[in-house]
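> Need a 3D model of the sequence below.
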Amino acid sequence: MLHGGHPESLTAVPPRPVHRVLFRQWWQDLVFLHWEADPFEVAGLLPPGTTPDLFHGRTYVGLVFFAMRDLAFGHTPPLPYLGTFTEVNVRLYSRDALGRRGVVFRSLDCDRLLPVLAARAGFGLPYRWSQTSRRWYGNRLLYRTRGRGDTRTDAHAWIGVGNETVAPRPLDEFLTYRWGLHESLWTRTYYLPNSHPAWTFRRCHLLGWDASVVAAAGLTPPSGEPVSVLYAPGVPVRFGPPVRLPPGRPKR
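Numbers count the residues shown, from 1 in each chain. This is a model prediction of the structure:
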């Protein structure tokens, strides 16, 4: 367990404003699939200074698909072409000694090479240059990603989306009310805060999925249907400057 840092409350809007904008972007057509994960396995995959965040004693692995649009730095205009792409990521749920809840990315696949190289070099994020796609068929949405090379980093999500909005369950709130990420760069862990409006979720049903990318990210493959399936039309997002965590690992 972490010593100190009572877990911050789960809030639909950011508990801390982002005053200085490092970069901004739009997330569009988000699909969240989640499964329970082994807390001991997850603990070994998190950056120093963080521990698995638990919901009723359980932690989770998420497979998230979305379209990134209009990536921009500070208050400059969005980057043409390079600032718009499809992303698929595998993420875990973390908490630091100050009680801040975050996400830890185990993999992020996108189809733009330059953003992959920049994110890896500048933030230590595990981006990969992959073949990704998003396509609507009426009210059905299909995401796919396929890794380049021999490693099996495939995934897809095939969902039907309705027009009715739905309220998130407590578990869904735990999984999506996340206002920063934890990552390690040059042996030091940092927290990168973000801010966006409250989520709007729409009723959806899962038609098919492949989560092979989860095993490629170092986790036990999911053995059954997701425990949470969510669709959100999208939100504008702002990220603030990274904040370093104190050195050292938490006690468990």
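> Now the residue nearest the centre of the chain. Its backbone dihedrals?
Ranked by distance to the mean C-alpha position of the chain (C-alpha atoms, centre = their mean), the top residue is Arg91 at 5.2 Å. Taking degrees, to the nearest 10, you get phi -140, psi 150 for the backbone angles of Arg91.
> same question, Phe40
Dihedral angles for Phe40 - degrees, to the nearest 10 - are phi -70, psi -40.
> rewinding a little: partners of the residue nearest to the centre of the chain in the sheet?
Beta-bridge pairing for Arg91 (DSSP bridges): Gly62, Phe105.
> residue contacts, it?
61-62, 64, 103-106 (C-beta atoms under 8 Å, 6 or more residues apart in numbering). For the C-beta atoms, the positions are set from N, CA and C on the backbone; glycine is no exception.
> Against Asp53, how distant is it?
For Arg91, the distance to Asp53 (C-beta to C-beta, to the nearest Å) stands at 11 Å.
> what does Thr189 give?
Thr189 is 15 Å from Asp53, by C-beta to C-beta.
> what does Ala215 give?
Separation of Ala215 from Asp53 (C-beta to C-beta): 22 Å.
> for Thr165, same thing?
Applying C-beta to C-beta to Thr165 and Asp53 gives a distance of 27 Å.
> Those two: which is more packed in?
Asp53 (26 against 10; other C-beta atoms under 10 Å).
> Next one: the more buried one, what pLDDT does it get?
Asp53 carries a pLDDT value of 97.
> Could you do Val90 as well?
At Val90, pLDDT is 98.
> just Cys204 next, same as before
Listed pLDDT for Cys204 reads 98.
> quick one: Gly240 and Phe123, what's the gap?
The spacing between Gly240 and Phe123, counted by C-beta to C-beta, is 13 Å.
> shared neighbours, those two?
By C-beta under 8 Å, 6+ apart, the residues touching both Gly240 and Phe123 are Leu192.
> Tell me which of the two has more neighbours.
Using other C-beta under 10 Å as the criterion, Gly240 and Phe123 rank with Gly240 on top: 21 against 17.
> all helices in this structure, in order from the N-terminus.
39-43, 113-123, 170-176, 212-216 (DSSP state H).
> Which one, of those helices, ends up nearest to Arg202?
Comparison of the helices of the chain against Arg202 by C-beta to C-beta identifies helix 170-176 as nearest, at 12.6 Å.
> Mind listing residues that contact the closest one?
So helix 170-176 is contacted by 10, 12, 32, 34, 53, 55, 60, 62, 93, 168, 199, 201, 227-228, 230, 232 (C-beta under 8 Å, 6+ apart).
> now it: mean pLDDT?
Average pLDDT, helix 170-176: 98.
> where do the strands sit along the stretch 151-252 of the chain?
Ranges of strands in the stretch 151-252 of the chain, per DSSP state E, counting those that start in this stretch, are 155-166, 180-185, 188-195, 201-210, 228-239, 243-244.
> Redo the ones you listed as TSV? Include distance to Thr86.
Output for those, formatted as TSV (distance: least, C-beta to C-beta, whole Å):
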stretch	distance to Thr86
strand 155-166	12
strand 180-185	19
strand 188-195	19
strand 201-210	16
strand 228-239	13
strand 243-244	29
